[in-house]
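[1] structural data only, the sequence is not supplied:
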């Protein structure tokens, strides 16, 4: 990965070429009158954080959750 300093006029003229370079992993510093003013870097999408408490307080599990199913329900699940 390399970093290049480009003046603003050249950046406007060769934007497509600069974007291709950034896509390959290069960073570009854009300067105005020799002073750095912007940095062109590769876009990295942000992954959404996993929220484990989304349904907290909305779901209720009864005490007999693990109790055996009634025979009729069990047969229905088995297709009998």
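    Looks like it arrived, so ask away. Note that the structure is predicted; figures quoted are calculated from it, not measured.
[2] where along the chain do the strands fall?
    Ranges of strands in the chain, per DSSP state E, are 3-7, 27-32, 35-40.
[3] Throw those into TSV and include distance to residue 67 and mean neighbour count, thanks.
    Heads up, the C-betas are built off the backbone N, CA and C, glycines and all. Output for those, formatted as TSV (distance: least, Cβ to Cβ, whole Å; neighbours: other Cβ atoms under 10 Å):
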stretch	distance to residue 67	mean neighbour count
strand 3-7	65	13
strand 27-32	61	16
strand 35-40	61	11
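[4] dump the ones you listed to CSV, plus distance to residue 20 and mean pLDDT.
    Formatted as CSV, those follow (distance: least, Cβ to Cβ, whole Å; pLDDT from 0 to 100):
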stretch, distance to residue 20, mean pLDDT
strand 3-7, 13, 91
strand 27-32, 11, 95
strand 35-40, 11, 95
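[5] distance to residue 54 added to those, as CSV?
    Shown next, in CSV, are those (distance: least, Cβ to Cβ, whole Å):
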stretch, distance to residue 54
strand 3-7, 41
strand 27-32, 37
strand 35-40, 36
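[6] of those, which is nearest residue 13?
    Of all the strands of the chain, strand 3-7 sits nearest to residue 13, with 9.6 Å by Cβ to Cβ.
[7] list the contacts of the closest one.
    Defining contact as Cβ atoms under 8 Å, 6 or more residues apart in numbering, one finds that strand 3-7 is touched by 14, 18, 21, 26-32, 34, 36.
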